[in-house]
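Participant: using only what follows, build the 3D model:
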Amino acid sequence: MKVSILGCGWLGFPLAKKLIEIGFEVKGSTTTENKLAVLKSNKIVPYLLELTEHKISESISDFLYNSDILIIDIPPGLRKITEATSEKTFVNKIKTLLPFMENSTIEKVIFISSTSVYADTATISTVTEESVLHPDTESGKQLVEVENLLRNNSNFQTTIIRFGGLIGEDRNIVKMLTGKTNVANPEAPINLIHQADCIEIISEILKQNFWNETFNAVSPIHPTRKKYYTEKAKQLHLIAPIFTENETNVGKIVSSEKLETILGYRFIKLDL
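Facilitator: The predicted structure is shown next:
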């Protein structure tokens, strides 16, 4: 099988190496010219691709040609966009990409989404793939729209993976919070997933041929934000964040039970 990975970044690059290791042929895209040699040296067929709201690099046709599967792993990049601006930046990027997908050999798609499609609430309830989606961020709203665009397209089968907060050996959210004060939601549960589990979950979906599915992918360990980030700061010899204690906590527990039951997946990184 031949796979094209749109976005060989923090997750896409090690994923590409893993898929090659288990027998896939992989094309990978990057927006950085000097990374082309890095991809090639790791047996990934490299492509320099820039996707905007209105256009895409001419090499997109070659990137998709003769591939069976497309993995879309590009960040929405919507943190500075609010609902008031009415900018459908990420949605429009995918709309620009869609005609090329429809006219290619792509039969199956994995879309990397996020648990931001679920709202945080004061009840801090458990959400599953069957929960009603009421995203409370612009990123979440646009991800829901993109999920529907792909899911409802009859030219290919789409499986959606909603990852929690991404962490790894070189990446942890506590580094962004170190030394900060008045950090909100100390009693809200964390919904994180390690890079190693992300890679294994995608690999299993490909190996087991699970399509037209939606999976939450979050570690089943859910300590409170205060407990987790305080302990993690201590482990990393960082200044622990100071949480505000006089505001209502909002959050959610994201269940990955479907992933564990249907895919038979067992998380390998529980020491977050």
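Participant: from here on, just use CA atoms for contacts and neighbour counts.
Facilitator: Fine.
Participant: for the stretch 101-250 of the chain, just list every one of the helices.
Facilitator: 138-151, 174-177, 195-208, 225-235 (DSSP state H, counting those that start in this stretch).
Participant: centre of the chain to the second one, how far?
Facilitator: The reference is to helix 174-177. Distance, stretch centre to chain centre, for helix 174-177: 19 Å (C-alpha atoms, centre = their mean, to the nearest Å).
Participant: now that helix: buried residues?
Facilitator: Within helix 174-177, the residues scored as buried using 16 or more other C-alpha atoms under 10 Å are Val174, Lys175, Leu177.
Participant: how much space separates the second one from Leu206?
Facilitator: Taking C-alpha to C-alpha, to the nearest Å as the measure, Lys175 falls 33 Å from Leu206.
Participant: give me the neighbour count for the nearest residue in space to Val132 that is not next to it in sequence.
Facilitator: In space, and not counting its chain neighbours, Val132 is closest to Tyr118: 7.9 Å by C-alpha to C-alpha, 6 or more residues apart in numbering. Tyr118 has 25 neighbours, counted by other C-alpha atoms under 10 Å.
Participant: circling back: quick one: closest of the helices of the stretch 101-250 of the chain to Phe24.
Facilitator: Closest to Phe24 of these is helix 195-208 (C-alpha to C-alpha; 9.9 Å).
Participant: list the buried residues of that closest one.
Facilitator: The neighbour-count criterion (16+ other C-alpha under 10 Å) identifies Gln195, Ala196, Asp197, Cys198, Ile199, Glu200, Ile201, Ile202, Ser203, Ile205, Leu206 as the buried residues of helix 195-208.
Participant: okay if I get the residues you listed as JSON lines plus pLDDT?
Facilitator: Formatted as JSON lines, the buried residues of helix 195-208 follow (pLDDT from 0 to 100):
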{"residue": "Gln195", "pLDDT": "98"}
{"residue": "Ala196", "pLDDT": "97"}
{"residue": "Asp197", "pLDDT": "98"}
{"residue": "Cys198", "pLDDT": "98"}
{"residue": "Ile199", "pLDDT": "98"}
{"residue": "Glu200", "pLDDT": "98"}
{"residue": "Ile201", "pLDDT": "98"}
{"residue": "Ile202", "pLDDT": "98"}
{"residue": "Ser203", "pLDDT": "98"}
{"residue": "Ile205", "pLDDT": "98"}
{"residue": "Leu206", "pLDDT": "98"}
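Participant: which of those lies closest to Val183?
Facilitator: Gln195 (25.0 Å).
Participant: residues in a beta bridge with the closest residue to the closest one other than its chain neighbours, which ones?
Facilitator: Among residues not flanking Gln195 along the chain, Gly168 sits closest, at 5.2 Å (C-alpha to C-alpha, 6+ apart). Gly168 has these beta-bridge partners by DSSP bridges: Arg171.
Participant: gap between Gly168 and Leu149?
Facilitator: Gly168 is 30 Å from Leu149, by C-alpha to C-alpha.
Participant: repeat for Asn172
Facilitator: With C-alpha to C-alpha as the criterion, Asn172 and Leu149 are 31 Å apart.
Participant: before we move on, what about Asp136?
Facilitator: In this view, Asp136 and Leu149 are 20 Å apart by C-alpha to C-alpha.
Participant: what's the answer for Ile201, then?
Facilitator: In this view, Ile201 and Leu149 are 23 Å apart by C-alpha to C-alpha.
Participant: can you put the buried residues of helix 174-177 in JSON lines and add distance to Leu272 and pLDDT?
Facilitator: Converted to JSON lines, the buried residues of helix 174-177 look like this (distance: C-alpha to C-alpha, whole Å; pLDDT from 0 to 100):
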{"residue": "Val174", "distance to Leu272": "11", "pLDDT": "94"}
{"residue": "Lys175", "distance to Leu272": "14", "pLDDT": "95"}
{"residue": "Leu177", "distance to Leu272": "16", "pLDDT": "95"}
